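Student: Can you look at this prediction? I've put the sequence above it.
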Amino acid sequence: MAGRKLEVRYEPSGTTAHVPPGTTLFNAAHWAGIPIESTCGGRGTCGKCKVQVLEGHAERTLADYRHVSGGLDEGWRLSCQCEIDGDMVVDVPRALMVPKAATMGVGRFVLLEPNAVKYLLTLTTPTIVDARSRLRRVIDALVIEGLEVTVAPSVLPRLSAVIGDDEVSVITATVVGDRLIDVENGDTTERAFGVSIDVGTTTVVATLMDLRSGGAAAVESTINRQAPFGADVLTRVSHTQMHGPEGLEQLRAAIVATIDGLLGSVCATAGIGRDDVLEVVAAGNATMLHLLLGVDPESIGHSPFIATFLEPQDLRAADVDVEIHPEGRLVLFPSIGAYVGADIVADMLATGVAREPVTRLLVDVGTNGEIVIGNEDRVVTTAAPAGPAFEGGQILHGMRATEGAIEGVVLDVEAGEEGAVRLQVIGGDVEPLGLCGSGLIDIVAQLRLTGLLDGGGMLLSPDEALAQEHPLASRLQVDDEGVRRFALTDDVMITQRDIRELQQAKGAIATGIEAAMRERGLTVAGLDEVLLAGSFGTYIDPLGARVLGLVPPVAVDRIRAVGNTASEGAKMALLSFREREVAFELPGFVEYLELSGVEDFNERFIANVGFPPLELVRPGAIAGDPAP
Amino acid sequence: MHEDLEALKRALIVADMDLGIAAVQRLVDRDADPTWILEEGMAVAMFDLGEMWKRGEVFLPEVVASAEVFKACNAIVEPVLLARKDPDAPTNALVLLATVKGDLHDLGKNMVGAMLRTSGFDVHDLGKDVGADTIIQAIRQMQPAIIGLSALLTTTVPYQETVIKKLEAAGLRDTVIVMVGGAPVTPEWAEKIGADGYANNAPEAVEIARKLVGASQ
Ligand code: B12
Ligand code: FES
């Protein structure tokens, strides 16, 4: 039987995979292109990768007993632990589809001065007196436009086809930076495009920009295909650590494929060819950029966190398998440190934090929470390791922000039992499947505001709630292990342990903010604005963030969700080389604070896992709050 | 005296320093058996606290505060205990703790240390970012019953295996019980690298340590 492949069919899509015995259901699905939820990267610890085995044999593992106890008899298994030893049919729960990501128009006024420009040139008829070479004619014509160019070798063979020897030639010359990369017949100046990419650990967003109009021609986002290797940056680093060059190549290929898929679809949407894309500007965390260039990020993964490069890069896209115009460029934003990446530099460019007198705190809330604080005089940044709670990891009914996720919660104690729990679910009228990060923040803030959760983070017991005649008392329960929980629906709960996870995550960010403010010599009173950035930041309720103490106590209308500013910054750099220069100089201006070196971090962190007193943060508590 | 013992237990759980010290002082003044105070009172309270931790009913600030109260109360009982102690009675088992090289997370390890201390172990903390050589040297010097290795990063977890291999190479593996822990560590990993014990949290670490030490005697 050696060499026999086993067949697995994945429902509901019906996709089949043929794999050698011993392959896990999780890996087989990944190879077949079927996304399965996971935050641990198949290590059997997150419990997110459950599938239901409909036909075939599936051994029960220890990890199954830990994570699926309830559904074992119905065939539920952790797909990452389940080794295939016969043909099977399994059902994959609807989950990780296309993620929601915030993409907004250019928030700032950017003068169009793209680095990639097409010039329409009219070249006079050659004569015996004017016998300049074809190349010289083009170079001279560009000099008149004010350009001194070098020439890509691939241009030479094209010149004779484009420039005649006995007529006036109208040609389009494509110049990127100061390099002539192409010549074309006639006028193609309306086809000059660039793509900005935000290379997130979880989600990758690509925007196709029309370099002539400055408008977005198409936007697309997708899950980073590295996701099956683990949810956070360190699980990816660990993959290269454990699997060496092969592991590195897997990750490189995965991110290149992700970007290629996005490029393909934005070009298709706009009806243009890959050759019309002249430049790609990418921002992302340092690890993602290392992987994109095939550079091993190993030393980012442990103290003292040494990156191989933080500097901006400008290379031929084709050299790293990014398929655009064959001579098109790939430009990478610089990073500030191993954990304050190029995406944050892009955030700073887009929001003007380092360029205006207004004092701002910018927080990119995620697994790694990046914090930027200051104004044109001085800026301090740091990275706070929040952990996966905001992405639904380590949360019993946590999930990513995809269809079926509860993204907003209001507890209305006036409304009587029926209407008391109001849920906003992604996808509208679908059954709620779990909680995503913004829903998690909402529910915990609402539990605080309705008096069901104390300042230390402890839920009322059902008895206590009944004794108080709390209108939501019937929603409080205790599970078999004696763990308290609140039922959002019959199936979706938030448990006391979930709340503890959230407290750790928000405690880490709050402590990072506190330390950065102290380093910058600022108090809450000195803060003009709090900006919540990142695709997740867009969905956070400012009041909820304040009630939890995730952000300092400022008036609600001073807390603003600014969306995916990393994408915005990358777009700005695409549309203006001057903006690009500004961005490239930011790392030299910004100060980096290493939280590991903050002396009283532990004490402050422990204090900050608690919630601020309600009277300081509830609606109306702060001058400038909207009237309740 | 029972009311005082109950008051002491309550004080430890809610981390009321004044109440705790007052209660333990009253017990000592009235000549209560220090072993009884420790075992029926303080140890029971810390066990309950551990159970509450597992259910999420107390969290970092509460446990840290309770450990402080424990320390203060223990400082009152211990001299009495020592004065009465049978010189031949077995001493507490010694546990060495370290966060492995490359890793600077020590909150969890400290919590494990605090709980072990409040449960009758002697604990020596080697700190964080600790390499195998330092660990080996410390084992040679102090001859602990247990070495506990903490790792919080996916990238530093493999170092637990490195330490075990180096212990083997140094011929020390059989002289010491190895326990591993930290959020990304799993029981399967612990087994794979040949650790003797794994615990998911501090109270469990105490249970496992007790079991392992008991078994090795
Ligand atoms: C606090 C914290 C920090 C603090 C650490 C302060 C300190 N002195 O400990 C600081 C700011 C320094 C820090 C830095 C970093 N951190 Co950090 N950090 C955390 C955080 C928020 C909490 C960890 C914690 O202390 N939990 C509380 C304790 C009580 O729990 P615990 O450690 O799990 O311990 C319990 C059990 O595991 C067990 N246990 C622990 N040790 C042992 C040992 C034995 C023998 C046994 C039996 C049991 C046991 O018992 C304990 C008590 O019940 C987590 C995120 C989170 N939400 O968990 C990230 C987290 C661990 N950090 C992470 C990262 C990435 C980093 C950095 C690399 C990045 C950065 N942005 O700077 C640096 C690396 C520094 C380094 N080289 O170690 C990641 C790790 C991801 C991964 N896949 O590995 C996490 C998960 C957050 C994230 N971004 O995803 N961090
Ligand atoms: S438990 Fe299977 S992927 Fe995390």
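Tutor: Looks like it arrived, so ask away. Ligands and ions are numbered 1, 2, ... in the order given.

Student: Nearest the geometric middle of chain B, what residue?
Tutor: The centroid of chain B falls nearest to residue B:116 when counting by CA atoms, centre = their mean (1.6 Å).

Student: what's the helix or strand containing it in contact with?
Tutor: Taking DSSP states H and E as the criterion, residue B:116 maps to helix B:107-117. Residues outside helix B:107-117 that contact it (CB atoms under 8 Å, 6 or more residues apart in numbering or on different chains): A:602, A:605-606, B:46, B:50, B:60, B:63-64, B:67, B:70, B:95, B:97-99, B:123, B:125, B:128, B:148, B:150, B:152, B:181-183, B:199, B:202-203, B:205-206, B:209. In short, each C-beta sits where N, CA and C put it, glycine included.

Student: Spell out which residues make up each domain of the chain.
Tutor: You didn't pick a chain, so chain A it is. With domains defined by automatic domain parsing, chain A comprises A:6-98, A:116-185, A:194-342, A:351-388+A:504-617, A:390-500.

Student: nope, chain B please
Tutor: If you go by automatic domain parsing, chain B breaks into B:2-83, B:94-216.

Student: what's around the residue in chain B positioned nearest to ligand 2, how many residues?
Tutor: Closest to ligand 2 within chain B is residue B:186: 9.9 Å, counting by CB to the nearest ligand atom. Using other CB atoms under 10 Å in any protein chain shown, residue B:186 has 19 other residues around it.

Student: Next, the contact list for it, please.
Tutor: A:43-45, A:63, B:198.

Student: Of those, which fall within the contact range of ligand 1?
Tutor: Residues of these in contact with ligand 1 (CB under 6 Å from any ligand atom): none.

Student: out of those, who's nearest residue A:184?
Tutor: residue A:43 (51.6 Å; CB to CB).

Student: Now do the SS call for the closest one.
Tutor: With DSSP: H, G, I helix; E, B strand; the rest coil as the basis, the three-state label of residue A:43 is coil.

Student: try the one 5 residues further on
Tutor: Applying three-state DSSP to residue A:48 yields a three-state assignment of coil.

Student: How about it: what's its closest non-neighbour residue?
Tutor: Leaving aside its sequence neighbours, residue A:48 sits nearest to residue A:37 (CB to CB, 6 or more residues apart in numbering or on different chains; 4.4 Å).

Student: just checking, the one you found touches residue A:49?
Tutor: Yes. Using CB atoms under 8 Å, residue A:37 makes contact with residue A:49 at a distance of 6.0 Å.

Student: Just want to know which of these two has more residues nearby.
Tutor: Neighbours per residue, other CB under 10 Å: of residue A:37 and residue A:49, the larger number sits with residue A:49, 29 against 24.

Student: And the next helix or strand past the longest helix seen in chain B?
Tutor: Using DSSP state H to define each element, chain B has its longest helix at helix B:60-84. Next helix or strand after helix B:60-84 toward the C-terminus (DSSP H and E): strand B:94-99.

Student: Quick one: residues in contact with that next one.
Tutor: So strand B:94-99 is contacted by B:105-106, B:109, B:112-113, B:116, B:121-130, B:134-135, B:138-139, B:142-152, B:209 (CB under 8 Å, 6+ apart).

Student: quick one on the thing from earlier: averaged pLDDT, the helix holding residue B:116. What do you get?
Tutor: Taken as a whole, helix B:107-117 has an average pLDDT of 88.

Student: Do any residues in it lie close to ligand 1?
Tutor: Yes. For helix B:107-117 and ligand 1, the contact criterion (CB under 6 Å from any ligand atom) is met by B:107-109, B:111-112.

Student: now that helix against helix B:60-84, angle please.
Tutor: 30 degrees (axes from the mean of the first three to the mean of the last three CA atoms, to 10 degrees).

Student: What parts of chain B come near chain A?
Tutor: For chain B, the residues in contact with chain A (CB under 8 Å from any CB of the partner chain) are B:55-62, B:64, B:101-104, B:106-107, B:110, B:129, B:153-158, B:184, B:186-188.

Student: out of these, which are inside helices?
Tutor: The members of the residues of chain B next to chain A that map onto helices under DSSP H are B:55, B:60-62, B:64, B:107, B:110, B:158, B:187-188.

Student: Which pair in those residues has the greatest spatial separation?
Tutor: B:62 and B:158 (33.4 Å).

Student: ok, these two, which is more surrounded?
Tutor: Neighbours were tallied for residue B:62 and for residue B:158 using other CB under 10 Å; the higher tally belongs to residue B:62 (21 against 17).

Student: That one touches residue B:12, doesn't it?
Tutor: No. Residue B:62 is beyond contact range of residue B:12, at 10.8 Å (criterion: CB under 8 Å).

Student: For chain B, which segments count as strands?
Tutor: Secondary structure of chain B by DSSP state E: the strands cover B:94-99, B:122-125, B:146-150, B:177-181, B:197-198.

Student: Can you list the strands that the first one pairs with?
Tutor: What it means is strand B:94-99. strand B:122-125 (parallel), strand B:146-150 (parallel) (DSSP bridges).

Student: quick check: angle from the last one to strand B:177-181?
Tutor: Orientation note: strand B:146-150 sits at an angle of 20 degrees relative to strand B:177-181 (the same axes, to 10 degrees).

Student: now strand B:146-150, how far from the centre of its chain.
Tutor: 10 Å (CA atoms, centre = their mean, to the nearest Å).

Student: Over to stretch A:419-429?
Tutor: With CA atoms, centre = their mean as the basis, stretch A:419-429 stands 25 Å off its chain's centre.

Student: ditto for stretch B:3-12
Tutor: With CA atoms, centre = their mean, you get 22 Å for stretch B:3-12.

Student: ditto for stretch A:153-161
Tutor: 41 Å.

Student: Look at residue B:125 and say how many residues are nearby.
Tutor: 18.

Student: Residue B:178 versus the residue lying closest to it once chain neighbours are set aside, what's the distance?
Tutor: For residue B:125, ignoring the flanking residues on the chain, the nearest one in space by CB to CB, 6+ apart is residue B:97 at 5.0 Å. To residue B:178, residue B:97 is 12 Å away according to CB to CB, to the nearest Å.
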